[in-house]
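**Student:** here you go, sequence then predicted model.
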Amino acid sequence: MALLQTLSPKYFLETLFHCRLCRQVTGAVFLAILIVEGAILIFSVNNFERDRLLEVEREGFTVVRAWLEISADGPQTMKKMAPIIGSGSVLISAEVVDDAGHEIAKLSQHSILAPNKETFTVTWTPQKLGYPLYVTAVLDKSEIPGQIRAFIWRIIGLVLLISFFVTVVTMVILDRLMLRPIRTLRSRMTDACVDLAHPESHLIEKSRNNELGDVALAFNDLLKRLSAAFGEIRMQQDSLQENNNRLETEVGERTKELNETVRELRREASERERVEKALDASKGVFTSDHLKKIAYTDTLTGLANRDLFMDRCRQVLRQMKRADIKAAVHLIDLDGFNAINQAYGAQGGDAVLQVVGDRLRGLVRESDTLARLSADEFALIQFDISNSDDASVLAQKITEHISQSIHWQKDEIDVSCSLGITLLEKEDSSVEDVLQHVALACKRAKQDQGASYHFYVEEMNKQALERQIIERDLKKALINEELEVYFQPKLDVKNNRVSGMEALVRWNHPERGFMSPALFIPIAERSQLIVSIGEWVLRAACRQVRRWQADGLGDLKVAVNVSAVQLTQTCIVSQVRRVLLETGLQPHLLELEITESAVMKNVEETITILEGLRGLGVSLSIDDFGTGYSSLNYLKRFPVKRIKIDKAFVDEITDLHSEGVIARAVVTMGHSFGMEITAEGVEEDFQLEFLRKLGCDEIQGYLYGKPMAAVDFEAFVKMRTQSALAAQ
């Protein structure tokens, strides 16, 4: 059955055209056979012509002997003979002479029916004839070329037939003994190179008692050594991770103990300060009013504390049930206050809180209640308002006043805040519900990069529940392998060829189908799941590109997005190094895309991380450039090779005559810094032409190709390559 399969034309052609070794060996065998058979053919043709001439000579000799025997009474009688010989006679004419050289007879060619064709002369001596005569005969060899041609064609056909069958047999033998083991070895080596983390799963099970079997054994031995090495590395990593987790647990417990101690100390200090103030104010007389004031006042800012705020909020809720009164609660959260504390110390942070408290105090009315709820959170009850516009106006004033720089010692501290607002309703039953609502609104404001405010609506509760469900399903998706990597091609504008692709994660939810990344990626970033997802996408993309490279698709560069959480929460340099080692992908074929807003969060630390990544040999690019308000001074320091123009700026190119000011500026600036420029979101031909004239290096967008699965992307690249070759 295997032999019949091998001899089938389909199998033969597929093997021949897809195997370089098959083509080389088959061509060599076929050529060798043709050379040998050609030499045999030339030798045979020469021998054939000589043999045929000898045969013609023998036939002529037979005719002459016949004449001589017929004229046995005397050679002179030959003059009277006019022999009639059938058509095709080989004897054309003959001359008979005696020993003295006198002519005895001469037979004219006219006495023979054979036509006058190409001839040759033969002389027979008395020794050969048996008569004391010399006979010189002219013989016909005209039939010899035709016979030789027929002979040659028969030999050529036989040679080709033998060559074909010998080649097929050679292919069968090579396929069984060499090509199959070589293909198996190559396939296993490719799989092992793509999945270096588990080399033991790619061992070659069957072995042969020849050199290829020795190679397979050596390959298996190498894989076993790699498996042992990776096992040891994994054990060390697990040990390090276990030690790290233990250390983090101990640090967390110690931090918790220290925080408890600090809170106790602060509580004792606060109580002591309150008592001292009460003693000073009453001169030793502890009145209830003074004690109540001390109990409900924040000692740092002089504002109401959380207890007083809760009490006032309950009073407002009760009043709203009795009268038609409208009120709003504002939650004011300072943006990046922990960074301020780290940069300027506790004294600087306290100074900022006092200034913020004073600024807020100047914006509220006597009927309003302003309180400090926690370290960097303030709350405001805006009493007796007309509608939500009053709350919006006050929120805008608060953001503007707080955003002004604060002078402390010789420094200027920039501060901003996020506000959550909820309009109190008669249906609100408790202060806790109010605080929950306003906290959700404040969290929504912080998601908008801060310095903004948001109102609470009931829809926010639904969204919060939806986020919890998505987060839960996303954890399952990582375990159940529901995530997929799609690839969006990039076009090299100069040569109009595929230069690479961007790896994009897609989630095929078992119930909802494909979900938009805009829906689950933000949730993953807030829940820290983005760290696991990012590592999975990085490994899957590198493994796929390495497999394409092994299959001959070419050296295509893949771009993978790195979130701000990955930069701050993980050792991204070690992670990338590990993935490159496991997948076997060359570092120069990997490009990491980092958003501009992410690199600007902590510039100095980010530069250190980017330098480490560049040291691995990978390329770096800034994504969504123009949206993060990065400083040109910092941009020169970033070790990035590429800038990606955000789609919003590409959309400004509405025709070939558009100004495209920002796109033009980014291209000019990037090239002046020695960087390459990629424009994403290109959807129209005129946008491509506009960017080409600007000198943009690369484009990406629906005009060229949508994100597609790995199989479709492979077919896309092959089709584009064939089209390019056909055009050439």
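**Tutor:** Received, thanks.

**Student:** so Glu652, which state does it fall into?
**Tutor:** At Glu652 the chain is in coil, as set by DSSP: H, G, I helix; E, B strand; the rest coil.

**Student:** to what extent is it buried, counted in neighbours?
**Tutor:** 13 (other CB atoms under 10 Å). For glycine as for every other residue, the C-beta is placed from the backbone atoms N, C-alpha and C.

**Student:** and if you look at Gly500?
**Tutor:** The burial count for Gly500: 22, using other CB under 10 Å.

**Student:** try the one 3 residues further on
**Tutor:** Counted with other CB under 10 Å, the burial measure for Ala503 works out to 24 neighbours.

**Student:** now the one 5 residues further on
**Tutor:** Using other CB under 10 Å, Asn508 has 13 neighbouring residues.

**Student:** list the contacts of the helix or strand where it lies.
**Tutor:** Element membership of Asn508 [criterion: DSSP states H and E] is strand 497-509. The contact list for strand 497-509 (CB atoms under 8 Å, 6 or more residues apart in numbering) reads 473-474, 477, 482-492, 514-515, 517, 520-521, 533, 537, 540-541, 556-561, 591, 593, 698, 700, 707, 713, 716-717, 720-721, 724.

**Student:** next structured bit after it?
**Tutor:** Following strand 497-509 in sequence, per DSSP H and E, is strand 513-515.

**Student:** follow-up on the earlier one: buried ones among the contacts of strand 497-509?
**Tutor:** 473-474, 477, 482-483, 485-491, 515, 517, 520-521, 533, 537, 540-541, 556-561, 591, 593, 698, 700, 707, 713, 716-717, 720 (16 or more other CB atoms under 10 Å).

**Student:** so which of the residues you listed are in helices?
**Tutor:** Judged by DSSP state H, these include 473-474, 477, 517, 520-521, 533, 537, 540-541, 713, 716-717, 720 as members of helices.

**Student:** output those residues in CSV; the columns should cover distance to Leu581.
**Tutor:** Converted to CSV, those look like this (distance: CB to CB, whole Å):
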residue, distance to Leu581
Asp473, 32
Leu474, 28
Ala477, 26
Pro517, 28
Phe520, 29
Ile521, 27
Ile533, 21
Val537, 17
Ala540, 16
Ala541, 15
Phe713, 25
Phe716, 29
Val717, 26
Arg720, 31
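
**Student:** reformat those as JSON lines; add pLDDT and distance to Glu680.
**Tutor:** Shown next, in JSON lines, are these (pLDDT from 0 to 100; distance: CB to CB, whole Å):
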{"residue": "Asp473", "pLDDT": "91", "distance to Glu680": "29"}
{"residue": "Leu474", "pLDDT": "91", "distance to Glu680": "25"}
{"residue": "Ala477", "pLDDT": "90", "distance to Glu680": "26"}
{"residue": "Pro517", "pLDDT": "88", "distance to Glu680": "14"}
{"residue": "Phe520", "pLDDT": "89", "distance to Glu680": "21"}
{"residue": "Ile521", "pLDDT": "89", "distance to Glu680": "16"}
{"residue": "Ile533", "pLDDT": "92", "distance to Glu680": "21"}
{"residue": "Val537", "pLDDT": "94", "distance to Glu680": "18"}
{"residue": "Ala540", "pLDDT": "93", "distance to Glu680": "21"}
{"residue": "Ala541", "pLDDT": "94", "distance to Glu680": "17"}
{"residue": "Phe713", "pLDDT": "93", "distance to Glu680": "17"}
{"residue": "Phe716", "pLDDT": "92", "distance to Glu680": "18"}
{"residue": "Val717", "pLDDT": "90", "distance to Glu680": "19"}
{"residue": "Arg720", "pLDDT": "84", "distance to Glu680": "19"}
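
**Student:** which among the residues you listed gets closest to Pro199?
**Tutor:** Pro199 has its nearest neighbour among those in Ala540, at 18.4 Å by CB to CB.

**Student:** next one: the closest one from Asp551, what distance?
**Tutor:** Per CB to CB, to the nearest Å, Ala540 is found 17 Å from Asp551.

**Student:** again, but for Gln347
**Tutor:** Counting by CB to CB - Gln347 and Asp551 are separated by 64 Å.

**Student:** so where's the stretch 51-200 of the chain shaky on pLDDT?
**Tutor:** Scanning the stretch 51-200 of the chain for pLDDT under 70 picks out the ranges 52-53, 56, 67, 69-93, 98, 104-120, 139-149, 151-152, 194, 196-197.

**Student:** quick one: the strands in it?
**Tutor:** Along the stretch 51-200 of the chain, the segments classed as strands by DSSP state E, counting those that start in this stretch run 91-97, 103-107, 119-124, 134-140.
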